[in-house]
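S.K.: Here is the input, now give the coordinates:
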Amino acid sequence: LCILTTCEPNTKEDSRIIFGVFLIGEAFKGDDYQEGYVGANSKYKIQLSKEEADELLFWNYYTNSTNPHNVLWNSGSFRYFHNIQAAQILRDIAELKEGTKDEKLAKDFYKHYCQLNRVNEETLGELSGALKQTETAE
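M.R.: Presented below is the predicted three-dimensional model:
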């Protein structure tokens, strides 16, 4: 699963939003002659509206392994997610997409991802990202 995130200009890192997701269809690591790439699955890809993206804060889901309470991207272009965290994002996207033209796709995507990765939808649990850990620490 590829999760697309960004920070709006002049905002802090804790406001990082998720604006899209797609299931990886193909990938090429790259070699001495060509750059690598990641291609989207033709069916499972969802773009969120600005209003929807504002509801999905990246740091509600993700935690830095070395410093769980630290909301800091630092270097690197990407982060690795656990399948449970990814399923929680897809579950929340499916809820956000209720009543929209993307409702069926979002629900199908979530169910497909859970089946593909053997995630039990009934036991996803609460969000435990850095922002959620900060809330419980206060």
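S.K.: Q47 contacts F22, correct?
M.R.: No. Counting by CB atoms under 8 Å, Q47 does not reach F22; the two are 9.1 Å apart. Heads up, the C-betas are built off the backbone N, CA and C, glycines and all.
S.K.: higher neighbour count, those two?
M.R.: With neighbours defined as other CB atoms under 10 Å, Q47 and F22 compare such that F22 has more, 20 against 12.
S.K.: For the particular helix or strand that has the more buried one in it, buried residues please.
M.R.: Using DSSP states H and E, F22 falls within strand 17-28. Buried residues in strand 17-28, counted by 16 or more other CB atoms under 10 Å: I17, I18, F19, G20, V21, F22, L23.
S.K.: Give the buried residues for the next helix-or-strand element following that strand.
M.R.: Going down the chain from strand 17-28, the next helix or strand is strand 37-47, by DSSP H and E. Going by neighbour count (16+ other CB under 10 Å), the buried part of strand 37-47 is Y44, K45, I46.
S.K.: got it, and stretch 10-18?
M.R.: S15, R16, I17, I18.
S.K.: who's in contact with E121?
M.R.: A87, R91, Y110, K111, C114 (CB atoms under 8 Å, 6 or more residues apart in numbering).
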